[in-house]
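Visitor: Make a model of this:
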Amino acid sequence: MSGDASRPKEPEEGPPPLLGSWPAVYAALLIYLAAIVALLAWFTKALS
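Guide: The predicted structure is shown next:
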C-alpha cells in the first residue's frame, strides 16, 4: 500500500493576490512599517 494515497494533496502555492510576488509583498510591508515608525517619531518630536 502506498503512503501517498492516504495523504491529502497539498495545495499549490501561487502568487499572492496583490503585487504579484511574495518578495514585493514583504518589501511593501517593510516600507509601510517604516513609514509608521517615522510618522510616530515625527509626532513625538512635534508634540513634545
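Visitor: Please make it C-alpha for all contacts and neighbour counts, starting now.
Guide: Noted.
Visitor: Check which helix or strand Ser6 maps to.
Guide: Using DSSP states H and E, Ser6 sits in no helix or strand.
Visitor: mind checking how far it is from Ala41?
Guide: Ser6 sits 55 Å away from Ala41, going by C-alpha to C-alpha, to the nearest Å.
Visitor: the more surrounded of these two?
Guide: Ala41 (11 against 8; other C-alpha atoms under 10 Å).
Visitor: Please report how far that one lies from Gly14.
Guide: For Ala41, the distance to Gly14 - C-alpha to C-alpha - is 37 Å.
Visitor: Report the mean confidence score over the host helix or strand of Trp42.
Guide: Using DSSP H and E, Trp42 sits in helix 22-47. On average, the pLDDT along helix 22-47 is 97.
Visitor: what's that helix packed up against?
Guide: If you count contacts as 3 or more C-alpha pairs under 8 Å, 6 or more residues apart in numbering; DSSP states H and E, helix 22-47 packs onto no helix or strand.
Visitor: Count the residues that sit near the closest residue to Leu19 other than its chain neighbours.
Guide: Leaving aside its sequence neighbours, Leu19 sits nearest to Val25 (C-alpha to C-alpha, 6 or more residues apart in numbering; 6.3 Å). A count of nearby residues for Val25, using other C-alpha under 10 Å, gives 15.
Visitor: Just to check, Pro16 is in contact with Ala24?
Guide: No: Pro16 is beyond contact range of Ala24, at 9.5 Å (criterion: C-alpha atoms under 8 Å).
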